[in-house]
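*Asks:* Just the structure for this:
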Amino acid sequence: MAKSKAREYVWLQCEDCGSLNYRTQVRVVGGAPKLTLSKYCPKSRKHTKHKIKRK
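*Replies:* Predicted structure coming up:
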């Protein structure tokens with residue numbers, strides 16, 4: 001099974017401090033999702049909301 005070309009890499013940016021902590025793939029068929037996840041921020045040393053940031 002071949003990899004789909006309908007995915008792209010995006011960064012997850014912390015809403016509190018603005019640092020780019022995680023990189024993940026999202027599916028872009030039908031528009032990009034408005035994704036918000038609660039992830040650990042090592043700079044703030046707590047769980048914060050992270051939003052998609054494209055580079």
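
*Asks:* Count the residues that sit near the closest residue in space to residue 46 that isn't next to it in sequence.
*Replies:* Nearest non-adjacent residue to residue 46, counting by Cβ to Cβ, 6 or more residues apart in numbering: residue 40, 7.5 Å away. For every residue, glycine as well, the C-beta is placed using N, CA and C. By other Cβ atoms under 10 Å, 13 other residues sit near residue 40.

*Asks:* How about residue 30?
*Replies:* For residue 30, using other Cβ under 10 Å, the count is 7.

*Asks:* Three-state assignment for it, please.
*Replies:* coil (DSSP: H, G, I helix; E, B strand; the rest coil).

*Asks:* State the distance from it to residue 13.
*Replies:* 23 Å (Cβ to Cβ, to the nearest Å).

*Asks:* can you check residue 40 too?
*Replies:* Residue 40 is 14 Å from residue 13, by Cβ to Cβ.

*Asks:* likewise residue 41?
*Replies:* Applying Cβ to Cβ, the value for residue 41 to residue 13 is 10 Å.

*Asks:* and residue 44, what helix or strand is that in?
*Replies:* Using DSSP states H and E, residue 44 sits in no helix or strand.

*Asks:* Which pLDDT value belongs to residue 2?
*Replies:* Per-residue pLDDT puts residue 2 at 64.

*Asks:* just the strands in this protein please.
*Replies:* 7-14, 20-27, 36-41, 46-53 (DSSP state E).

*Asks:* Would you mind naming the residues that bridge with the most centrally placed residue in the chain?
*Replies:* Residue closest to the average C-alpha location in the chain (Cα atoms, centre = their mean): residue 12, at 3.0 Å. Beta-bridge partners recorded for residue 12 (DSSP bridges): residue 22, residue 52.
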